[in-house]
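**Q** here is my input, please return the structure:
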Amino acid sequence: MSPSTRGIIYIVTGQKFVEEACCSAAGVNRSMPDISITMLSDVSGSFLSGWQ
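**A** The predicted structure is shown next:
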């Protein structure tokens, strides 16, 4: 399977779990930098704008 056909989707609710998902996604990004990551949440805010 090529990296373009794989990815991880996080679906989280609440600030605490968004922060946990961000930590998890950062770890995934370090170990698998070519995999796509999508996060869906009910939390809005600028704290996510700088996350990559």
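
**Q** so where do the helices sit in the chain?
**A** 15-31 (DSSP state H).

**Q** output the below-cut-off pLDDT ranges for it.
**A** 1-4, 46-52 (pLDDT under 70).

**Q** 90 - rerun?
**A** Applying pLDDT under 90 to the chain flags the ranges 1-6, 15, 43-52.

**Q** pretty sure S24 is touching I9, no?
**A** No. If you go by CB atoms under 8 Å, S24 and I9 don't touch, sitting 12.0 Å apart. Just so you know, the C-beta spots here come from the backbone N, C-alpha and C atoms, and that holds for glycine as well.

**Q** what's the burial count for M39?
**A** Close neighbours of M39, defined as other CB atoms under 10 Å, add up to 17.

**Q** what's across from it in the sheet?
**A** When assigned by DSSP bridges, M39 has beta-bridge partners Y10.

**Q** my guess is it meets G7, correct?
**A** No. In terms of CB under 8 Å, M39 does not count as a neighbour of G7; the distance is 11.2 Å.

**Q** quick one: stretch 18-28 to chain centroid distance?
**A** 6 Å (CA atoms, centre = their mean, to the nearest Å).

**Q** again with stretch 37-44
**A** For stretch 37-44, the distance to the chain centre is 8 Å (CA atoms, centre = their mean).

**Q** quick one: buried residues of that stretch?
**A** By neighbour count on 16 or more other CB atoms under 10 Å, the buried set for stretch 37-44 is 37, 39, 41, 43.

**Q** for stretch 20-36, same thing?
**A** Buried-residue list, stretch 20-36, by 16+ other CB under 10 Å: 21-22, 25.

**Q** take the residues you listed and lay them out in JSON lines including distance to Q15.
**A** Formatted as JSON lines, these follow (distance: CB to CB, whole Å):
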{"residue": "A21", "distance to Q15": "11"}
{"residue": "C22", "distance to Q15": "11"}
{"residue": "A25", "distance to Q15": "15"}
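
**Q** any idea which of those residues is closest to G14?
**A** A21 (10.2 Å; CB to CB).
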